[in-house]
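Novice: this one's structure only:
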């Protein structure tokens, strides 16, 4: 494509996006398509000869857009949100054009150093201690898998050479994200060696049960090696008692990985810094700027106090990847599985500078306040009940009465096209989740969601 | 950022990119910066209050661009190339704006179905059999780790429950990419259970040695479970004898994963389809559209004949991720570690449609022809020697004589700013690598590179 053709179509696409961002509510949040509908509408085979950009963009609008679930909609309250802010999109656009691969410092110094700079800024904003080594992964699921592998390396370096063991035991809560168990299975810990510690009435891991489980496993000759508390669980946004868990981890010599993928961003507001209490004692921690910080997907940050353990676990450098600068720089390929690395830090830098800490904190503060206001409204309504505390921006609730009525309520609300909610199961009951987090959402959107819920 | 502000800055950024793509040679391919130079030039802390986009874009140009290694330069011949084509950039821009997360079909049907459609098109273009299940990962390194995990699941489903074993053995060649060994270590196979089979004089895995190694390991009570041949090795682009290796894999019941990350794209041209001979018998295979197909990083495709094994290895569905459509759709989260998934298929669809199969094949055909022409020129020059066959678009060569002279030659060539080469080690000797693959590269750029090499 010639630069002039790129310029022409680039302007068209920018205009389309500006209109899209101005009126995301033009589209139903959940698309009204059946499985296979889009695939069946597209040709069975790709074209032999190239096609004009006009035709491709026309099909994008006619075929693709109607089959998109609009995460950008102010009514998207189904999962923890991800917002495509303007600066985030522009950062991603420039990253795609630059197309650098940051496997080594040398293969794009700007990529490596901007990743170091932005993660240092973010560390300060979150009130985390210095020094702390940061590295960007695609998602928190990838991050926790790496963290568990580092924990294994820390506990038993011989496994790297000899292969897996069957006696290393990992602890997390029954409300932890399934990526913890998935990561443990992937690296060969074994599902039977993952303990899901029960939660208290507020859905928080019970530290005394954790300590008992560790002692029981030790007495049985097993090797407890890792514990993963969560700051902002997926089902209810509950915050595990990290300081007490850190105490136990230190007492028994376990690696502590804190999953703060959603909740960690709240610490950008000083009044919510407490959500990361104890996280300064973590061996590793994940927070996702692509959730609450206005950075388009994907960008998940892993921090660690023990980068050398990650390097021991993952570094393996063939001759063709050696450079003269190796001893003086960080080569991020040494800290994980992916060799190729996109210039993700660029969009983070754009977003952090454009909004500033205070700009991002203001949005987070609003979302929490609205969630609590909504929860109070729901709690005051005799027909409904709030099913979990609201420490952050997620409200779990249900209509009093039959399970099926709640399933139907969810379906009807989502069929409105104006709002998208999801569900979970709490104490054996079907519960609706309303998660506020998109930067386009305002208090009036939250009120409208409540109107729609009541009207069903 | 208001839609109008996005429109304004979006147009500015598009214009900057159009100019950049028109003249990538304005910048030295390798930036002239010292380690820490960029980091030291940026503020130690992020801003409390937001800053204007004008200032951010100005700093991007003044600070970031001079520290970028220009993968888009026509003189970038250091590693297997990745090209930011116009349609690829526009696809990525729209994906960032849409910001969909394709963890489930429901969370954006278009994302899941366009991934299925484009990977079916690509399968046909590569001459691979139907049915074949495709899934997009970030990189081939991630893909091979998943493939080895699937191979383990296939060999011994009990490991998922009980944890790792120390007797599963994986085979690859001594010229395989280090990601194979890294993936095996990560999932707990153990480094001592990775056999690197010697290569022949053309740097191809020796099947008879593979068969002997498997038999020896079986006799020793070990469990051979996986073999990973390569189509286009990193050091020399050699192509392992996949049909013979497939034969052995079938005879001994091993999972065969074909690493065609770089070389697989050559099959887009019918005369190079032979590079994938035998790949139709693979249990899994990786090819990287973000290398030779004009798709910006990252986008790596994994194909498998055994999707149910990947699903057994990686599926773990909590209540909050269940949907009414689950039985009728593919939820890609079930096939790997990452839960969040960007809309990568969009840029692939843009590129496949804009260039067509023939448009991409023409570029690949040219690159191979130029590499072979250059190799012939080098071979005809008494001062130099070609150090490996040139089946694809990579030329390995050295100046006859001392090792140090070749190291210095590489440094001086790279200091020119016009061309960037890399190196490897072959038969104990330092060898220069010149890899043609950027879509902006022309025959005159290759000739110019040769002039610069000779002039040192």
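Specialist: All right, it came through fine. Bear in mind that the values here come from a model prediction, so they are computed numbers and not experimental data.
Novice: Now do whatever helix or strand residue A:181 lives in, average pLDDT.
Specialist: For residue A:181, the host element (DSSP states H and E) is helix A:178-186. Taken as a whole, helix A:178-186 has a mean pLDDT of 97.
Novice: got it, and stretch A:66-74?
Specialist: Averaging pLDDT along stretch A:66-74 yields 97.
Novice: ok, now how distant is the most far-flung residue of chain A relative to its centre from residue B:85?
Specialist: Most distant from the centre of chain A: residue A:49, at 39.8 Å, with distances by C-alpha atoms, centre = their mean. Distance of residue A:49 to residue B:85, computed by C-beta to C-beta, to the nearest Å: 16 Å. Yep, even glycine has a C-beta here, placed from its N, CA and C like the rest.
Novice: now do residue A:197
Specialist: Taking C-beta to C-beta, one finds residue A:197 at 50 Å from residue B:85.
Novice: quick one: secondary structure of residue A:171?
Specialist: For residue A:171, the assignment made with DSSP: H, G, I helix; E, B strand; the rest coil gives strand.
Novice: Contacts only, for it.
Specialist: Residues near residue A:171 by C-beta atoms under 8 Å, 6 or more residues apart in numbering or on different chains: A:195, A:197, A:210, A:213, A:214, A:224, A:226, A:227, A:228, A:254.
Novice: Let me know the closest of the residues you listed to residue A:435.
Specialist: Residue A:435 lies nearest to residue A:228 out of the contacts of residue A:171, by C-beta to C-beta, at 21.5 Å.
Novice: Count the residues that sit near the closest one.
Specialist: 32 (other C-beta atoms under 10 Å in any protein chain shown).
Novice: pLDDT wise, what is the residue in chain A positioned nearest to chain B at?
Specialist: Closest approach between chain A and chain B, counting by C-beta to the nearest C-beta: residue A:164, at 1.4 Å. The model reports residue A:164 with a pLDDT of 86.
Novice: number of nearby residues for it?
Specialist: Neighbour count of residue A:164, defined by other C-beta under 10 Å: 24.
Novice: My reading is that it lies in a strand. Confirm?
Specialist: No - applying three-state DSSP, one finds residue A:164 to be coil, outside a strand.
Novice: ok so, going back, okay, the angle between the helix holding residue A:181 and helix B:178-186?
Specialist: Put simply, helix A:178-186 runs at 100 degrees to helix B:178-186, going by axes from the mean of the first three to the mean of the last three C-alpha atoms, to 10 degrees.
Novice: For helix A:178-186, name the packing helices and strands.
Specialist: Contacts defined by 3 or more C-beta pairs under 8 Å, 6 or more residues apart in numbering or on different chains; DSSP states H and E place helix A:178-186 against helix A:140-155, strand A:168-173, strand A:194-197, helix B:307-314.
Novice: Which of these sits closest to residue B:298?
Specialist: Among the helices and strands packed on helix A:178-186, helix A:140-155 comes nearest to residue B:298, with 12.5 Å by C-beta to C-beta.
Novice: and the closest one, what does it pack onto?
Specialist: By 3+ C-beta pairs under 8 Å, 6+ apart, helix A:140-155 packs against helix A:158-162, strand A:168-173, helix A:178-186, strand A:223-228, strand A:255-259, strand A:284-287, strand A:300-304, helix A:307-314.
Novice: Dump those to a markdown table, plus distance to residue B:331.
Specialist: Formatted as a markdown table, the helices and strands packed on helix A:140-155 follow (distance: least, C-beta to C-beta, whole Å):
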| stretch | distance to residue B:331 |
| --- | --- |
| helix A:158-162 | 32 |
| strand A:168-173 | 23 |
| helix A:178-186 | 13 |
| strand A:223-228 | 24 |
| strand A:255-259 | 22 |
| strand A:284-287 | 23 |
| strand A:300-304 | 20 |
| helix A:307-314 | 29 |
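Novice: quick one, which of the helices and strands packed on helix A:178-186 is nearest to residue B:62?
Specialist: Among these, the nearest to residue B:62 by C-beta to C-beta is helix A:140-155 (32.6 Å).
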